[in-house]
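Trainee: Sequence and predicted model, in that order:
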Amino acid sequence: MTELELVATALATGAAAGLTDTSRGVVHDLHAALREAVRRRLSGVGDGVRGGYGVRVLYAYETDPDVWRTRLLQVLASGLEMDEEILGAARAVLRAERRKGHIIAVVGP
């Protein structure tokens, strides 16, 4: 799994966990931290691919990962540095969700 896929999978897993009351708590909090780190990074640059468009794609991906996965990967690959804050947050979401036994597999192109 590439770093981009790791982040995209963690975002989808955390968003799906937030849809059920029983999944709230740790996974929800970790997902919120990951989403905020990615949002800050995307909104920090105002070029055409990132900036407002990148943030909109991020939020759209959380509502429908199957439709928005390719666009999110393009936005993330457009120069967004996958620093340790983002990668660590993504790993933490997946670890917490795995402990609960509810991994969401996101299959993409």
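Mentor: The structure has been received and is ready for your questions. Everything numeric here is computed off the predicted structure, so don't read it as measured data. Numbers count the residues shown, from 1 in each chain.

Trainee: Low-confidence ranges, this structure, go.
Mentor: Residue ranges of the chain with pLDDT under 70: 17-24, 45-51, 79-80, 100-109.

Trainee: all strands for it, in order.
Mentor: For the chain, no strands are identified by DSSP state E.

Trainee: any idea which residue sits dead centre in it?
Mentor: The geometric centre of the chain, computed from its C-alpha atoms, lies nearest to Leu11 (CA atoms, centre = their mean), at 2.6 Å.

Trainee: Next one: Arg41 from Arg99, what distance?
Mentor: 27 Å (CB to CB, to the nearest Å). C-betas here are computed from N, CA, C, even on glycine.

Trainee: The two: which has the busier surroundings?
Mentor: Counted by other CB atoms under 10 Å, Arg41 and Arg99 do not tie: Arg41 has more neighbours, with 20 against 10.

Trainee: I'd like the distance from that one to Ala12, if you could.
Mentor: 18 Å.

Trainee: burial measure for Ser43, as a count.
Mentor: With other CB under 10 Å as criterion, Ser43 counts 14.

Trainee: How about it, nearest residue that isn't a chain neighbour?
Mentor: Closest residue to Ser43 apart from its sequence neighbours, by CB to CB, 6 or more residues apart in numbering: Val55 at 5.3 Å.
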